[in-house]
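Peer 1: Show me the folded form of this:
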Amino acid sequence: MSCTTPLARYDATLRGLRRNDRLRTLSPRAGLDFSSNDYLGLARSQRLANAITAALARGTPVGASGSRLLRGNAPEHEELEAKAAAFFGAERALFFGGGYIANFALLTTLPQKGDLLVLDELVHASAHEGARAGRAQIAVAAHNDTDAFANVIQEWRESGGIGHVWIAVESLYSMDGDRAPLKDLMALADRHDGFLLIDEAHATGVYGPDGRGLATAFEGRENVVTLHTCGKALGASGALVTAPRSLCDFLVNRCRPFIYATAPSPLMAVAAQEALAILQEEPDRRDRLADMVSFTAYELMKRCGVAASGSQILPVIVGHNGRCMAVAAALQA
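Peer 2: Reported below is the predicted structural model:
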C-alpha cells in the first residue's frame, strides 16, 4: 500500500516547476497588450457587440442546447458556414468550438489506417495530439524543409506504404512567426496523390485578399483542408474547417469531437459572420496592423538588436526561465 497521498505526485511536479522558475499562474488582464492574438482589435469591436445584441433581440439563444446532430443545429451555424465557404472559396465549411479541438478532430478522423500523416516538427500541439490519437502512421519532418517531407514519404513508400499521404502544417507558425512553403508542399502532396492540411490560425484575417489567409490560392482543391480559427484575428471564438463537401460530410458522420460535443454558441456564429464582413468592409484594420508590424519589426526590434520575423508574431528569446516568466508577467501587468 502506498504511504503517499493521492495528490503527492502532482504537488511534487508543481514544486519542481517552482524551483526551476517555470510555474505558471493566472492573473487579471491589465496594462498595454503586447501578447494577445486579437490582431485586428475585433474582440472589443462595437460592430461585433452590436451584432450580438441584435441577435439576442431576435431571439437567438445563448446556448445551442445539444449536438449539431441532436437539435443543436441552429440557423446561425448554417448561415455562418455558407458565408465562410463562399468567403474562403471552399465547397463547404464546418463550425467547431475552437481551433484546438478542430485540429484534433481533423487528424483523428480524416487520415485512415494505412495512411501516412507527416507533421512539421513545429506544428501546433493540437495537431501532434490529434496525430497520436488517430489511425494513420505518423512521421515528423524538419521544420519548413520540403525535402525532409519528401524523404519521409519516399522512405514510407519504399517500405511498402500504399495508403494516402497527409501533410499537416501551419501557414504562419505561432511561435516563430515564419511561413510554411505552401506552394512546394502542395506540389509534393499532388505528386503523391496526398492531402495538405493547413492551419491558418494566425494568418486568417491578416493576410491574403480581404484577410482570407495565406492558403487562399489552394482553397477549393479536392486535396486541401484548411482550418480558420475565429478566436484570434476574428475576435470571436470557435473555428471553421473548410474542405471539399465529401470530407465535411464524412466529418459530420464520423468525427467524434463533432458528433458528441454540444454545438458552439449560436451567438459566436453570429459574431464570426460579422467578423468576416468586417474583413471585407474595414481593410484599414489590416493596414494599421501592417504599419505596426513594420515599425516594431524593422525599426524598434532592429534597434534593440533582435531579429524579427516580419509578421505580427515577434518572438523574443529571453534566455532564462526566471526572466522569461517575469517578462510574461510584466506583459499582463
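
Peer 1: what's near enough to touch the spatially most central residue of the chain?
Peer 2: Nearest to the geometric centre of the chain sits A201, at 3.5 Å (C-alpha atoms, centre = their mean). Going by C-beta atoms under 8 Å, 6 or more residues apart in numbering, A201 touches 99, 124, 170, 172, 174, 227-229, 232. C-beta coordinates here come from the backbone N, C-alpha and C atoms, glycine included.

Peer 1: now do D193
Peer 2: 164-165, 223.

Peer 1: same question, N103
Peer 2: Taking C-beta under 8 Å, 6+ apart as the test, what N103 contacts is 124, 126-127, 130, 199, 227.

Peer 1: among those, which are in strands?
Peer 2: Counting by DSSP state E, the contacts of N103 place 199, 227 in strands.

Peer 1: could you say which helix or strand contains V140?
Peer 2: Following DSSP states H and E, one finds V140 within strand 137-141.

Peer 1: how far is the helix or strand that that strand is followed by from where the chain is centred?
Peer 2: Later in the chain than strand 137-141, the nearest helix or strand by DSSP H and E is helix 146-158. Put simply, helix 146-158 sits 26 Å off its chain's centre (C-alpha atoms, centre = their mean, to the nearest Å).

Peer 1: tell me the average confidence for the helix or strand just after helix 146-158?
Peer 2: Sequence-wise, the next helix or strand downstream of helix 146-158 (DSSP H and E) is strand 165-170. Mean pLDDT, computed over strand 165-170, is 98.

Peer 1: what's in contact with strand 165-170?
Peer 2: Here strand 165-170 makes contact (C-beta under 8 Å, 6+ apart) with 107, 110-111, 115-120, 122-124, 127, 131, 136, 149, 153, 156, 180, 182, 185, 188-189, 192-202.

Peer 1: With stretch 217-229 instead?
Peer 2: If you take C-beta under 8 Å, 6+ apart as the criterion, stretch 217-229 is touched by 84, 88-91, 98-99, 102-103, 106, 110, 182-183, 186, 189-190, 193-201, 204, 212-213, 215, 234, 238-244, 247.

Peer 1: And for stretch 149-164?
Peer 2: Residues outside stretch 149-164 that contact it (C-beta under 8 Å, 6+ apart): 111-116, 118, 120, 136-137, 139, 141, 165, 167, 185, 188, 192-195.

Peer 1: Report the buried members of these.
Peer 2: Neighbour counting over these (16 or more other C-beta atoms under 10 Å) leaves 111, 115-116, 118, 120, 136-137, 139, 141, 165, 167, 185, 188, 192, 194-195 as the buried ones.

Peer 1: what's the closest of these to E299?
Peer 2: Comparing the buried ones among the contacts of stretch 149-164 against E299 with C-beta to C-beta places D120 closest, at 30.6 Å.

Peer 1: Look at stretch 34-45 and report the distance between its end residues.
Peer 2: Terminal residues of stretch 34-45 are spaced 18 Å apart (C-alpha to C-alpha, to the nearest Å).

Peer 1: between the contacts of D193, which is nearest R254?
Peer 2: Nearest to R254 among these, counting by C-beta to C-beta, is H164 at 15.7 Å.

Peer 1: distance of the closest one from M292?
Peer 2: 42 Å (C-beta to C-beta, to the nearest Å).

Peer 1: More neighbours: the two, which one.
Peer 2: Using other C-beta atoms under 10 Å, the more surrounded residue of H164 and M292 is H164, with 19 against 13.

Peer 1: ok so, going back, most neighbours among the contacts of N103, which one?
Peer 2: With neighbours defined as other C-beta under 10 Å, the most crowded of the contacts of N103 is D199; it has 31 neighbours.

Peer 1: In a markdown table: the contacts of A201, plus distance to T296.
Peer 2: Formatted as a markdown table, the contacts of A201 follow (distance: C-beta to C-beta, whole Å):
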| residue | distance to T296 |
| --- | --- |
| G99 | 25 |
| H124 | 24 |
| E170 | 21 |
| L172 | 16 |
| S174 | 17 |
| L227 | 27 |
| H228 | 25 |
| T229 | 23 |
| K232 | 18 |
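
Peer 1: Mind picking the lowest-pLDDT entry from those residues?
Peer 2: In this model, the minimum pLDDT among these belongs to S174 (90).

Peer 1: Out of the contacts of stretch 149-164, list just those in strands.
Peer 2: Among the contacts of stretch 149-164, DSSP E puts 116, 118, 120, 137, 139, 141, 165, 167, 195 in strands.

Peer 1: my guess is E79 meets Q273, correct?
Peer 2: Yes - with contact defined as C-beta atoms under 8 Å, E79 counts as touching Q273 (6.5 Å).

Peer 1: Please name the residues that touch L197.
Peer 2: Here L197 is in contact with 106-107, 110, 166-169, 224-227 (C-beta under 8 Å, 6+ apart).

Peer 1: so it, which of the three states?
Peer 2: strand (DSSP: H, G, I helix; E, B strand; the rest coil).

Peer 1: ok, residues contacting the strand holding V140?
Peer 2: Contact partners of strand 137-141, identified using C-beta under 8 Å, 6+ apart, comprise 114-121, 131-132, 148-149, 151-152, 156, 161.
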